[in-house]
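Undergrad: I'll drop the sequence and a predicted model, then ask my questions.
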Amino acid sequence: MASVKVVVDPITRIEGHLRIEVQADNGKIANAWASATQFRGIELVMQGRDPRDAWAFTQRICGVCTAVHAIASCRAVEDALGITIPANANIIRNLVHGMQYVQDHVIHFYHLHALDWVDVVSALKADPAAAARLAQSLSPWPNNGEAQLRDVQQRVSKFVASGQLGIFTNGYWGHPAYKLPPEVNLLAVSHYLEALDWQRDVIRLHAIFGGKNPHPNFLVGGMASAINLESTATINAERLTDIADMIKRARRFVEEVYWPDLVAIAGFYKDWGAIGGGVPNFLACGEFPDADVRDLKSLYFPRGIILNRDLSTVHEYDHQKVTEEIHSSWYEYAEAGAALHPWKGETKPKYTGPQPPWSYLQDQQKYSWMKAPRYEGKPMQVGPLARMLVAYAAKHPDVQEMVNATLGTLKVPATALFSTLGRTAARGIETVLIARQMQHWFDQLVERIKNGDTATFTKDKWEPSSWPASAEGYGYLDAPRGALGHWVQISNGQVSRYQCVVPSTWNCSPRDAQGQMGPYESALTDAHPLVDPERPIEILRTIHSFDPCLACGVHVIDATGQTLSEVRIQ
Amino acid sequence: MYRPSAVPWSPGAPLGQHLEERGVSRRDFLTFCTEMCAVLGVAQTMIPRVAQALQDIRRPSVIWLQLQECTGCVESVLRTAEPTIGDLVLDVVSLDYNHTLMAGAGHAVEQALQDAMNANKGKYVLVVTGSVPLSEGGIYTMIGGRTAETILREAAAGAAAVVAVGACAHFGSVQSARPNPTGAVGVRDIVKDKPVLVVAGCPPIGDVVTASLVHYLTFGRLPEADSEGRPLFAYGKRIHDQCPRRAHFDAGQYVEVFDDEAARKGWCLYQVGCKGPATFSPCPIFQWNTRTSWPIGAGHPCIGCTERNFWDTMSPFYGRLPGVSGFGIEQKVDAIGAGLAAGALAGIAVHATATVYHQIKRRKATGELPEEASHG
């Protein structure tokens, strides 16, 4: 087979607008380009705003990772203004962010990623009794009975027979890359449907603390949801009971449905433990402070960097070493070819691609709205795998135990972690750990309330009159999709510069001036098959293993240096 | 939780038969119709007609385009309330294109989109989330090498009805906030030859989207809307007039700063920036996430996200009405604050309502609001 150009645009089952172009030779991918095709320019919008409003603007970067930008923004502003939030507020943020992890990862697995591995049509051939026996050998989950699975099968059967396939139209059903027996497919389809209802239930925790989801409310200095056991209008015993039950249901689904499914499915795709490794460097900024956010020793997931897949050393992460380049991105810098630290970052869009409608981008030097972040000049993978590797190398007991047990169950070597399968497994591992940790944070909160501490907000620096004339701050947050940083500069009570470096910017980065590919591109060219260019399911597997979030990734928040105090909001 | 007894809709079968097959009793179905009538503000005498209409409908095609956006609106619809029969409403449509959920990718799904548009020409409902960036020929959002504007125009041409979901599709939302770097506009700025229903909010409550679709399926037309295109059944009233904390406003009981004694008693958030007096939205009634709570219910002031240009007109979000920008009222925040301190309750009410006076006046002038809809 000669070399063929393959375009996948839109990549579906992700957040945002991503285009993948590859060149394939004899069933292997020889070259790849990842292109973000949407830009919103929120950076310019941020200038001159009240820094206490910044969380609301930056939260709208993404409605899937809906809490993460808001928390990172609050941390950045609190860092700039020297605000320490009450312990209760920190715990509540951990609970909100923790539930974001659990809910988001489960949705990703079933509704965004599973159809890469699960053939819905094959489920029609399953024997429901055998599927039920299999399910019951894996998990005590009560909804895995034969009758229930038969109902699901009938539902799918009628659906397929109707000819109105809706979102399943033109899926790659019957593709030889699907390896699961019909019974496992049936089980996965059943849980696909159950997870739709489960996610709606457990994310109500965001509504209790933040009023709604997506886009719950946050507050610089703490949280707005007051605690008062004697009131019907606040966080009270009834609300706490509701939360406790949600945490139990969240954990049960993760332990009895998501994790057993992931391990069972992975067992049929072990070859993907040697495919799609890509960039060998990993960055985790750390997350879930048990005490103050500045106390890095109190982080549940530690901070650090792994280089060249070497787990013997965890290198220190220093945000000063982060730069962004635009060699392949539709922007221009005042100094051409510069690699700029976010504090000195510039965002001046300059589209040089073909005028639409167009067919290919791979012949262009610049081909994406995504910038190229580098750490000491190196591309980095971020996300669950980066976090689990850093924690593993740092001898985190919970992570070591889960990772070793998983490798043992699947009977795969540790090198299998550096792969498409490794990224998907790491996401499951950390979900199990966070689902457990939720109980710990909840118990902490109840204990504090019991001891009479109900404070959720620090008012000292609320009024702009208490702020210095200028200030700057850094807010980190290791979000479900990876390391996130917000940088803010405040001048005369207004935002003068605001910058984010976002997980999907790291992972979806295009080439830099040295020709180093970003993680998506690098993974797609690492021992990567593409059997049928018309039905590129293998590309979807690897891209979805990163859980792309394009609205986040495009360098949306990056105010240029000027202080715009003269800009008056009318 | 999910009950897997649900079965899909057989081809050609009317909804009534489908429900029977799903084991939904007549009584449950009528209860659902009654609830929907209440939500939609339809007279109780209409329930039989709604029931009959719903029973006879066949699964219409829905094409859902996601343009310049953050996917929050799709997520919100995924959180639509129970009872399970509410899910049915989503089952009731054939969702033939939706980027977030589609199994296939690339040209396979672009083909699915073309096929659905051709097969249902003039009959499908087009749902749009996201704005349309017009600057520089539309290069700020391109899908499959084509601009958002091109894709929207093509899909709208064959649609029976268009539903613009969320603040981006409404007016451009955060990317259109000053200085609107990409020239983002809402759907009604592009689609002008047919009615566009606007389900406003950042994001909107998923149940409002669902109820709007039910209305369309039941009556064969979009619900009555205000000048923004927002359905009156959901956006006909101000938050302030439906707020459970309203009594505290009237009694002069205000939160002065977050987490003070007043906050711990659930008093009014007006002084810490609540935009409820200037915002038309069903949040207090529908609530969020299967009626779990809503922003004011969780102690945070409303930021006015169902109103056009709220990023500019309602900010700073913790500034007190009407001192926030965008209302063209001379009063400064300090003056209002002094008034509050003096307990000039009547004065406060005047200030609060003055901010929406021009909106109400405009809405009345265009016939969107009946005369009795005065406030304050």
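TA: Sure, I can see it.

Undergrad: tally of neighbours for residue 24?
TA: You didn't pick a chain, so chain A it is. Neighbours of A:Ala24 under the rule other C-beta atoms under 10 Å in any protein chain shown: 26. Quick note: C-beta positions are derived from backbone N, CA and C, even for glycine.

Undergrad: wrong one, chain B
TA: Neighbour number of B:Val24 under other C-beta under 10 Å is 19.

Undergrad: can you list phi and psi of it for me?
TA: The phi/psi pair for B:Val24 (degrees, to the nearest 10) reads phi -90, psi 120.

Undergrad: same check on A:Met380?
TA: Per degrees, to the nearest 10, the backbone of A:Met380 is at phi -130, psi 140.

Undergrad: and it, how far from A:Leu550?
TA: Per C-beta to C-beta, to the nearest Å, A:Met380 is found 18 Å from A:Leu550.

Undergrad: now do B:Cys302
TA: Counting by C-beta to C-beta - B:Cys302 and A:Leu550 are separated by 30 Å.

Undergrad: not counting sequence-adjacent ones, nearest residue to A:Thr232?
TA: Closest residue to A:Thr232 apart from its sequence neighbours, by C-beta to C-beta, 6 or more residues apart in numbering or on different chains: B:Gly266 at 7.2 Å.

Undergrad: any low-confidence regions in the chain?
TA: Picking chain A for this. The model of chain A has pLDDT under 70 over residues A:1, A:555-570.

Undergrad: ah, no, chain B please
TA: Those would be B:1-14, B:22, B:55-58, B:82-92, B:323-376, if you go by pLDDT under 70 across chain B.

Undergrad: buried ones in stretch A:149-168?
TA: Neighbour-count burial for stretch A:149-168, with 16 or more other C-beta atoms under 10 Å in any protein chain shown as criterion, is recorded at A:149-156, A:158-160, A:162, A:164-168.

Undergrad: what backbone torsions are found at A:Glu255?
TA: Dihedral angles (degrees, to the nearest 10) for A:Glu255: phi -80, psi -30.

Undergrad: show me the contacts for it.
TA: Applying C-beta atoms under 8 Å, 6 or more residues apart in numbering or on different chains, one finds that A:Glu255 lies in contact with A:432, A:435.

Undergrad: and A:Gly452, that one's in a helix?
TA: No - according to DSSP: H, G, I helix; E, B strand; the rest coil, A:Gly452 belongs to no helix; its state is coil.

Undergrad: what about it, how many residues nearby?
TA: Close neighbours of A:Gly452, defined as other C-beta under 10 Å, add up to 6.

Undergrad: can you check the one 4 residues further on too?
TA: Per other C-beta under 10 Å, the neighbour tally for A:Thr456 reads 29.

Undergrad: ok, it touching A:Asn90?
TA: No - contact between A:Thr456 and A:Asn90 fails when scored by C-beta atoms under 8 Å: they sit 10.0 Å apart.

Undergrad: counting neighbours, what do you get for the residue in the stretch 151-300 of chain B that chain A sits nearest to?
TA: Of all residues in the stretch 151-300 of chain B, B:Gly266 sits closest to chain A, at 2.4 Å by C-beta to the nearest C-beta. For B:Gly266, the neighbour count with other C-beta under 10 Å is 21.

Undergrad: likewise A:His528?
TA: 24.

Undergrad: contacting residues around it?
TA: Contact partners of A:His528, counting by C-beta under 8 Å, 6+ apart, are A:28-29, A:275-276, A:538, A:542.

Undergrad: by neighbours, which of those wins?
TA: Neighbour max across the contacts of A:His528 (other C-beta under 10 Å) = A:Gly276, 30 neighbours.

Undergrad: tell me which element that one falls in.
TA: Using DSSP states H and E, A:Gly276 maps to neither a helix nor a strand.

Undergrad: again, but for A:Gln362
TA: Per DSSP H and E, there is no helix or strand for A:Gln362.

Undergrad: got the phi and psi for the most far-flung residue of chain A relative to its centre?
TA: Distance from the centre of chain A peaks at A:Glu230, with 38.0 Å (C-alpha atoms, centre = their mean). Dihedral pair for A:Glu230: phi -100, psi 10, per degrees, to the nearest 10.

Undergrad: the closest residue to it other than its chain neighbours - how many residues pack around it?
TA: Of all residues beyond its chain neighbours, the one nearest A:Glu230 is A:Asn236 (7.4 Å), with distances taken as C-beta to C-beta, 6+ apart. Other residues within reach of A:Asn236, judged by other C-beta under 10 Å, total 16.

Undergrad: for A:Leu18, name its beta-bridge partners.
TA: A:Leu18 forms beta bridges with A:Ala36, as assigned by DSSP bridges.

Undergrad: that one: what's it in contact with?
TA: Taking C-beta under 8 Å, 6+ apart, we find A:Leu18 in contact with A:9-11, A:34-37, A:508, A:543, A:548, A:550.

Undergrad: let's go with 6 Å and repeat that
TA: Contacts for A:Leu18 (C-beta atoms under 6 Å, 6 or more residues apart in numbering or on different chains) come out as A:11, A:548, A:550.

Undergrad: next one: B:Ala247
TA: B:Ala247 neighbours (C-beta under 6 Å, 6+ apart): none.

Undergrad: what strand or helix carries the residue of the stretch 101-250 of chain A found nearest chain B?
TA: When distances are taken as C-beta to the nearest C-beta, the stretch 101-250 of chain A reaches nearest to chain B at A:Ala233, 2.4 Å away. In the assignment (DSSP H and E), A:Ala233 maps to no helix and no strand.

Undergrad: please determine how far it is located from A:Tyr300.
TA: For A:Ala233 relative to A:Tyr300 (C-beta to C-beta), the value is 32 Å.

Undergrad: for chain A, give me its nearest residue in chain B.
TA: Here chain B gets closest to chain A at one residue, B:Gly72, 1.9 Å apart by C-beta to the nearest C-beta.

Undergrad: surely that residue meets B:Pro204?
TA: No - under the criterion of C-beta atoms under 6 Å, B:Gly72 is not in contact with B:Pro204, lying 9.5 Å apart.

Undergrad: which one's more surrounded, those two?
TA: Legend: neighbour count by other C-beta under 10 Å for B:Gly72 and B:Pro204, higher for B:Pro204 (31 against 27).

Undergrad: that older thread, which of the buried residues of stretch A:149-168 fall within helices?
TA: A:149-156, A:158-160, A:162 (DSSP state H).

Undergrad: near chain B, which of those residues show up?
TA: Among those, the residues that sit close to chain B (C-beta under 6 Å from any C-beta of the partner chain) are A:151-152, A:155, A:158-159, A:162.

Undergrad: from those, pick the one nearest B:Asp312.
TA: A:Phe159 (45.7 Å; C-beta to C-beta).

Undergrad: backbone phi and psi for the closest residue to A:Asp53 other than its chain neighbours, please?
TA: Spatial nearest neighbour of A:Asp53, chain neighbours left out: B:Phe317 (4.9 Å); criterion: C-beta to C-beta, 6+ apart. Taking degrees, to the nearest 10, you get phi -70, psi -20 for the backbone angles of B:Phe317.
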